[in-house]
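S.K.: Sequence plus the predicted model coming up.
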Amino acid sequence: MTGSSDWHAAGDGGRRLVIAVAAGALLLAAACGPPEPDEDSYLELLLEARAYKDEFLTNDPESFVPLDRRSWMVPLRYYDPDPSYRVPAQLDIADDQPIYDVPTSTGQFRRMQRIGHLEFVLHGESHRLTALLSEEEGLFVPFRDETSRSETYPAGRYIDLPFSSTGVYDLDFNRAYHPTCYFDEQYDCPFPPPENRLPRPIHAGEKLPPEDERRLPVFVPVEPAEAPGP
């Protein structure tokens, strides 16, 4: 179903990361990517994906939300859809694409590969985010912003992007989602790179329930003071 890949975090469920991919192979794989979404049906597809995720988290045997937390964690809370948070982003493929240890929420490290940077303009301001290789045959973009902690999960949120044959990506923060360790601290979730802290609030995508609706404090994993770099 359209949009179902949005909540499968790269490396967020213990699946093996494919790390040996060259820039040429990325562009070749991009040619097989899905077609661009129909602009006229954008809102319909976005809401459909959210409804599908709620159904999965509530009733599917493979739901990553513990049974005793579903009553207040699901349905998920979202900012209202806002097309201004959907922007084109140009991938600047790095000359070197290092594989390095990314710290995770369980105090471990995961080997991941940096592909380059996504450069974009949001609300009149230029930004860039490091893009990592996703095991879902695309880019994995973990980030933090000024809503992290008070309105969204403190350890950050994720965006998945299918490969683009043009190098221009549909960066849609309305599809930003919380990692599985927000729902259940037993999951192992990579932290966003330090440079992926946006100096502005991103009022789009998934957000936390209001404090008076939470039955447990939000789990806040401890990130190493000095994370290893590439």
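M.R.: In hand now; what should we look at? Residues are numbered from 1 along each chain as shown.
S.K.: Would you confirm that Pro199 contacts Arg144?
M.R.: No: the pair Pro199 / Arg144 is not scored as a contact, 10.1 Å apart, by C-beta atoms under 8 Å. To be clear about C-beta, it is placed using only N, CA and C from the backbone, and glycine gets the same treatment.
S.K.: So which of those two has more stuff around it?
M.R.: With neighbours defined as other C-beta atoms under 10 Å, Pro199 and Arg144 compare such that Arg144 has more, 21 against 8.
S.K.: Determine the longest strand present in this protein.
M.R.: In the chain, assigned by DSSP state E, the strand with the most residues is strand 109-122.
S.K.: CA atoms of it as PDB?
M.R.: What follows is strand 109-122, C-alpha atoms only, in PDB (Å, rounded to 0.1, in the frame of the first residue of the first chain):
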ATOM      1  CA  PHE A 109      26.700   1.000  17.400                       C
ATOM      2  CA  ARG A 110      25.500   0.200  13.900                       C
ATOM      3  CA  ARG A 111      27.600   0.200  10.700                       C
ATOM      4  CA  MET A 112      26.100   2.600   8.200                       C
ATOM      5  CA  GLN A 113      27.200   4.400   5.100                       C
ATOM      6  CA  ARG A 114      27.000   8.100   4.400                       C
ATOM      7  CA  ILE A 115      26.100   8.800   0.700                       C
ATOM      8  CA  GLY A 116      26.100  12.600   0.700                       C
ATOM      9  CA  HIS A 117      24.000  15.600   1.600                       C
ATOM     10  CA  LEU A 118      20.500  16.700   0.600                       C
ATOM     11  CA  GLU A 119      20.400  20.400   0.000                       C
ATOM     12  CA  PHE A 120      17.100  22.200   0.100                       C
ATOM     13  CA  VAL A 121      15.300  25.500   0.900                       C
ATOM     14  CA  LEU A 122      12.500  25.400   3.500                       C
END
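S.K.: Give the rounded mean pLDDT of that strand.
M.R.: In this model, strand 109-122 has an average pLDDT of 96.
S.K.: list the helices and strands whichever helix or strand comes after that strand packs on?
M.R.: Downstream of strand 109-122, the first helix or strand assigned by DSSP states H and E is strand 125-134. When contacts are defined as 3 or more C-beta pairs under 8 Å, 6 or more residues apart in numbering; DSSP states H and E, strand 125-134 packs onto strand 86-93, strand 109-122, strand 138-143, strand 157-162.
S.K.: mind redoing it with 7 Å?
M.R.: Identification of packing neighbours for strand 125-134 by 3 or more C-beta pairs under 7 Å, 6 or more residues apart in numbering; DSSP states H and E yields strand 109-122, strand 138-143.
S.K.: what's in contact with the first one?
M.R.: In other words, strand 109-122. 11, 17, 19, 21, 26, 87-94, 97-104, 127-133, 139, 141, 169, 171, 190, 228, 230 (C-beta atoms under 7 Å, 6 or more residues apart in numbering).
S.K.: ok so, going back, describe which strands the longest strand of the chain pairs with in its sheet and in which direction.
M.R.: Applying DSSP bridges to the sheet, strand 109-122 is found paired with strand 86-93 (antiparallel), strand 99-103 (antiparallel), strand 125-134 (antiparallel).
S.K.: Next, the angle strand 138-143 makes with that strand.
M.R.: On the basis of axes from the mean of the first three to the mean of the last three C-alpha atoms, to 10 degrees, strand 109-122 is oriented at 80 degrees to strand 138-143.
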